[in-house]
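Student: following is a predicted model, sequence given first.
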Amino acid sequence: MENSLDPAPSLLEVRGISKSFGAVRALQEVDFTLRAGEIHALLGENGAGKSTLIKVITGVFPRDAGVVRLGGEEVAPRSAKAALQAGIATVYQEVNLLPNLSVAQNLFLDRQPMRFGIVREGEMRRRAKALLTEFGLDIDVAAPLGNYSVAIQHVTAIARAVDLSARVLILDEPTASLDRHEVEILFGIMRQLAKRGIGIVFVSHFLDQVYEISDRITVLRNGRLVGEREIASLPRLELIRMMLGRELAETTSARAAVGEHKAREICASFESYGKAGYVAPFNLELRHGEVVGLAGLLGSGRTETARLVFGAERADGGHARVEGAAVRLQSPRDGVRHGFGYCPEERKTDGIVAELTVRENIVLALQAKRGLHRPLSRREQDEIARRYVKMLDIRPPDAERPVGLLSGGNQQKVLLARWLATSPRLLVLDEPTRGIDVGAHAEIIRLIRELCDDGLALLVISSELDEIVTYSDRVVVLRDRTHVEELSGEAIDVTNILAAIAADGAAMQEARA
Amino acid sequence: MKGLPPVLITAVVLVAGFALCALQFPNIASTRVVGNLLTDNAFLGIVATGMTFVIISGGIDLSVGSVIGFTTVFVALAIERWGVPPLVAFVAILALSAAFGAAMGAIIHVFDLPPFIVTLAGMFLARGASFLLSTESVPITAPVYASVSDFALRIPGGGRLTAIAIIMLAIVIGGVLLLRLTRFGANVYALGGGRATASLMGVAVGKMTVKIYMLSSLLAGIAGIVFSFYTSAGYSLSAVGVELDSIAAVVIGGTLLTGGQGSVIGTFLGVLIQGMIQTYINFDGTLSSWWTKIATGVLLFAFIALQQGLVALARPPAAKRAGAVS
Ligand SMILES: Nc1ncnc2c1ncn2[C@@H]1O[C@H](COP(=O)(O)OP(=O)(O)OP(=O)(O)O)[C@@H](O)[C@H]1O
Ligand SMILES: [Mg+2]
């Protein structure tokens, strides 16, 4: 990638970086150049080596070969702290914050305002408050961070990194749990920082966002550099080809003809189901062979609805029926017993057991469902693991690898496989395509349709409206923890959903800003 | 974040327990008894303060009892046999114990070993070393010891606040301030919240680990000196099992054994509760002193159960999204 006519001086130069984990060659001779004042997207499929490259640059992993130059000088940080001191601030993919500390302490850990060796708690809170206000958050900064939602934690992590006012800011999938509004705020801040001459590295699987925010892109594939381009002159299809090394198969097939699903049997139904202060009572029918999409802003009650349906949260009113029979859903176990599966949004905290292998993680729920006295034989386990590794294209295709060593996106696929393996009658998917690359993204959407054709009932939460429109037979729109609208058939389109979300939402947005 | 509700519960248990004791033996409610309680448990209060830091940071230090034992023997021999001035002996032993703790911390960090194992080795090492120095009890007759033992502040009601009780109170207060108000304190909680995470956030985890175990051993050294004042002797078998008493005090004080949450004040209350039980048994006169252990054991169970309950309750719905069967 020789580039003799650099318009801007390069700030961070990475040359010939290699990194292996045992036999896995995660990075081979990778070059990467970041200029001052640019926003540079680092792209590639799940497992391409993006997060590894970042961790090698910041010294979290030692590198096998290569050099890193910052502002022309060679740097070799040996810890995240050293990288910070050298001027590289990072939000890692596995958002790293401490739930037991207050929000303010998280923002200012190891750099609290001090006087006479004493932390100025009041000053620190004041600054924390001011910092979060820039991100449109108005929360109690003295409360433990663990009390807040994943999205708020994520914003906090980003705010912390931004506030470190380093020369280089690295954000590994920062938008994965943010809603549109928060993404816009983040982008505004990124642009401001870039104007000040800070170089920003941005990892994302959302190509729209990549085109919106970045100046240049670098693509990795299987641990190798594919190329570096100006985004303005790069057609989207070309970018996808660079990432996948092949064309993306046509995916957005039209949905089954509208109207034919009237006759489908009801799988589960909920009547005035709800919980005070959690989700307002709602009516919901889930039919076999049908996808119901849940749309709404973050915090509108989508995940809460899913948790009630699954039994992860107890309802305090209303009735639930499964295949016509009244049931009580008091715990996740009840959900599983009635043939429900729930694939939560936050894979790190919710269910991936990092030390166990891919195979063990996949059979976990199935084994629990069968009961301990009917163990799955090793042959059956291998067979199941092989099937799903292939079906979801989990990479590397090694079922005996501890899940913790997989890339973020591949962990997500393992979690999905776990629930598919239980052959549920109703599957709840919370943001199934978050953090998943374009190739696998299309496959997951296709899979959702296929499962549905096999007679499964699906309840899918997604912030990607295009995506929801693609696969849903009905869409329930939520606002302020209330089901406000149900769209079906031809009424399902992005404009209608947005309209339902936004009805009297303008005032709300005003209040938030 | 700083574990207030569990501390309140500890305080309630202490007050209620004290009231019950006082109902049965009205004499207990006197400054004399309370003053003695502070004196008798001074060394425990000091080590337990150090243990609080270790446990909040997600570790454990099993070596403190042995460090106390070693300290008493070392101090006694230095003063009585080797003719070292007491102050010099104190400085030397404090430097030695701090270095010992730092070494354990460094080993834990560099070789990524469980603190349990490393400090267990430290426990045998320090106890063994004190036997090497002397197997018998060495009385200390230096004049400082007599004058320190005699020194006491009179408190209204006939009680005496002895020098060693004052040292303990000063250390507890120092511990509270260090943990609550400084960057070091915040980093202790950070380590307990997750070492890998703290490291990615830029905390110098290695240095912190060394400092935390150094602090614990240093306080154990001070506790050893205090213990030698208390008994006016050095004995290699002194303070056996004190590490467990101090862990018990820390847990009863509302600090999570898994780290990340807790307070020094709670630990202090935990020490007082143990002292109170002991005092009750002394007053009763018919009960075997082993009842102290039994009562402490029951309390420990109760507190651990309670904490589990509180932790489960305190978790917000968002964090409770269990992956169902996982
Ligand atoms: N600690 C580790 N030990 C062993 N292998 C690892 C480790 N971390 C990553 N890998 C492997 O290195 C490769 C690159 O992973 P990396 O996390 O960098 O991918 P990524 O591009 O960030 O993917 P994603 O988009 O899914 O986050 C993967 O094959 C992964 O399994
Ligand atoms: Mg990654």
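Tutor: Here it is on my side, so go on. Numbers count the residues shown, from 1 in each chain, chains lettered A, B, ... in the order given. Ligands and ions are numbered 1, 2, ... in the order given.
Student: low-confidence bits of chain B, can you list those?
Tutor: B:1-4, B:307-308, B:310-326 (pLDDT under 70).
Student: now swap in chain A and tell me
Tutor: For chain A, the stretches flagged by pLDDT under 70 are A:1-9, A:95, A:246-263, A:298-299, A:346-351, A:503-513.
Student: and for whatever residue of it ends up closest to ligand 2, the neighbour number?
Tutor: As assessed by C-beta to the ion, ligand 2 sits closest to A:Ser51 within chain A, at 3.1 Å. In short, each C-beta sits where N, CA and C put it, glycine included. By other C-beta atoms under 10 Å in any protein chain shown, the residues close to A:Ser51 number 22.
Student: equivalent analysis for A:Gly72, please.
Tutor: Per other C-beta under 10 Å, the neighbour tally for A:Gly72 reads 9.
Student: and it, its phi and psi?
Tutor: phi 90, psi -20 (degrees, to the nearest 10).
Student: what of A:Gly318?
Tutor: phi 100, psi 180.
Student: which SSE is the nearest residue to it once chain neighbours are set aside in?
Tutor: Excluding its sequence neighbours, the residue lying closest to A:Gly318 (C-beta to C-beta, 6 or more residues apart in numbering or on different chains) is A:Tyr273, at 3.6 Å. Assigning secondary structure by DSSP states H and E places A:Tyr273 in strand A:266-275.
Student: immediately after that strand, which helix or strand?
Tutor: On the C-terminal side of strand A:266-275, the closest following helix or strand by DSSP H and E is strand A:279-287.
Student: so what touches the next helix or strand after that next one?
Tutor: Remark: after strand A:279-287, the chain's next helix or strand is strand A:290-296, criterion DSSP H and E. Identification of contacts with strand A:290-296 by C-beta atoms under 8 Å, 6 or more residues apart in numbering or on different chains yields A:261, A:264, A:284, A:286, A:302, A:305-306, A:448-449, A:452, A:457-463, A:465, A:468-469, A:471-479, A:497, A:500-501.
Student: strand A:290-296 vs strand A:279-287, what angle?
Tutor: For strand A:290-296 against strand A:279-287, the angle by axes from the mean of the first three to the mean of the last three C-alpha atoms, to 10 degrees is 160 degrees.
Student: what helices or strands is the helix or strand that strand A:290-296 is followed by leaning on?
Tutor: Counting by DSSP H and E, the next helix or strand C-terminal to strand A:290-296 is helix A:302-310. Identification of packing neighbours for helix A:302-310 by 3 or more C-beta pairs under 8 Å, 6 or more residues apart in numbering or on different chains; DSSP states H and E yields strand A:266-275, strand A:279-287, strand A:290-296, helix A:332-337, strand A:340-343, strand A:426-430, strand A:457-461, strand A:474-479.
Student: can you do 7 Å?
Tutor: For helix A:302-310, the elements it packs on are strand A:266-275, strand A:279-287, strand A:290-296, strand A:340-343, strand A:426-430, strand A:457-461, judged by 3 or more C-beta pairs under 7 Å, 6 or more residues apart in numbering or on different chains; DSSP states H and E.
Student: between strand A:290-296 and it, find me the angle.
Tutor: On the basis of the same axes, to 10 degrees, helix A:302-310 is oriented at 140 degrees to strand A:290-296.
Student: who are the contact partners of the residue of chain A closest to ligand 2?
Tutor: A:Gln93, A:Asp172, A:Ser407, A:Gly408 (C-beta atoms under 7 Å, 6 or more residues apart in numbering or on different chains).
Student: surely the second one is in contact with A:Ala89?
Tutor: No - taking C-beta atoms under 7 Å as the definition, A:Asp172 is not a contact partner of A:Ala89, at 12.0 Å.
Student: all helices of chain B, in order?
Tutor: Secondary structure of chain B by DSSP state H: the helices cover B:4-24, B:31-40, B:42-56, B:64-80, B:86-110, B:115-133, B:143-150, B:163-181, B:183-193, B:195-200, B:205-231, B:242-252, B:264-284, B:290-314.
Student: gap between the shortest one and the chain center?
Tutor: Average the C-alpha atoms of helix B:195-200, do the same for its chain, and the two points are 27 Å apart (C-alpha atoms, centre = their mean, to the nearest Å).
Student: what of the fourth one?
Tutor: Shown here is helix B:64-80, whose average C-alpha point lies 17 Å from the average C-alpha point of the whole chain (C-alpha atoms, centre = their mean).
Student: which strands and helices sit next to that helix?
Tutor: In terms of contacts (3+ C-beta pairs under 7 Å, 6+ apart), helix B:64-80 is packed against helix B:42-56, helix B:86-110, helix B:115-133, strand B:138-139, helix B:205-231, strand B:233-234, helix B:242-252.
Student: the last one now?
Tutor: Counting by 3+ C-beta pairs under 7 Å, 6+ apart, the packing neighbours recorded for helix B:290-314 are helix B:4-24, helix B:242-252, helix B:264-284.
Student: most distant residue from the centre of chain A?
Tutor: Distance from the C-alpha centroid of chain A, by C-alpha atoms, centre = their mean, peaks at A:Phe116 (42.4 Å).
Student: just name the most buried of the helices and strands packed on helix A:302-310.
Tutor: For the helices and strands packed on helix A:302-310, the largest average neighbour count (mean count of other C-beta atoms under 10 Å in any protein chain shown) is found in strand A:340-343, namely a mean of 28.
Student: can you tell me the strand partners of it and which way each runs?
Tutor: Applying DSSP bridges, strand A:340-343 is found paired with strand A:426-430 (parallel).
Student: which outside residues touch stretch A:312-325?
Tutor: A:267-276, A:278, A:281, A:307-308, A:326-327, A:329-330, A:332, A:338, A:342, B:317, B:321-322, B:324.
Student: name the nearest residue to whichever residue of the stretch 1-150 of chain A sits closest to chain B, sequence neighbours excluded.
Tutor: Nearest residue of the stretch 1-150 of chain A to chain B: A:Leu98, at 3.4 Å (C-beta to the nearest C-beta). Counting by C-beta to C-beta, 6+ apart, A:Leu98 lies nearest to B:Gly193, which is 3.4 Å off, once chain neighbours are set aside.
Student: tell me the contacts of that neighbour?
Tutor: Residues near B:Gly193 by C-beta under 7 Å, 6+ apart: A:Leu98, A:Pro99, A:Asn100, A:Leu101, B:Gly260.
Student: any idea how far ligand 1 is from it?
Tutor: According to C-beta to the nearest ligand atom, to the nearest Å, B:Gly193 stands 21 Å off from ligand 1.
Student: just A:Glu45 next, same as before
Tutor: From A:Glu45 to ligand 1 the distance is 7 Å (C-beta to the nearest ligand atom).
Student: so that residue belongs to a strand, correct?
Tutor: No - counting by DSSP: H, G, I helix; E, B strand; the rest coil, A:Glu45 is located in no strand; its state is coil.
Student: how about it, nearest residue that isn't a chain neighbour?
Tutor: Spatial nearest neighbour of A:Glu45, excluding adjacent residues (C-beta to C-beta, 6+ apart): A:Asp437 at 4.3 Å.
Student: pop out the phi and psi values for the one you found.
Tutor: Phi and psi for A:Asp437, reported as degrees, to the nearest 10, are phi -70, psi 170.
Student: and it, how many residues sit next to it?
Tutor: Counted with other C-beta under 10 Å, the neighbours of A:Asp437 add up to 23.
Student: same check on B:Val54?
Tutor: Quick note: B:Val54 (other C-beta under 10 Å) scores 30 neighbours.
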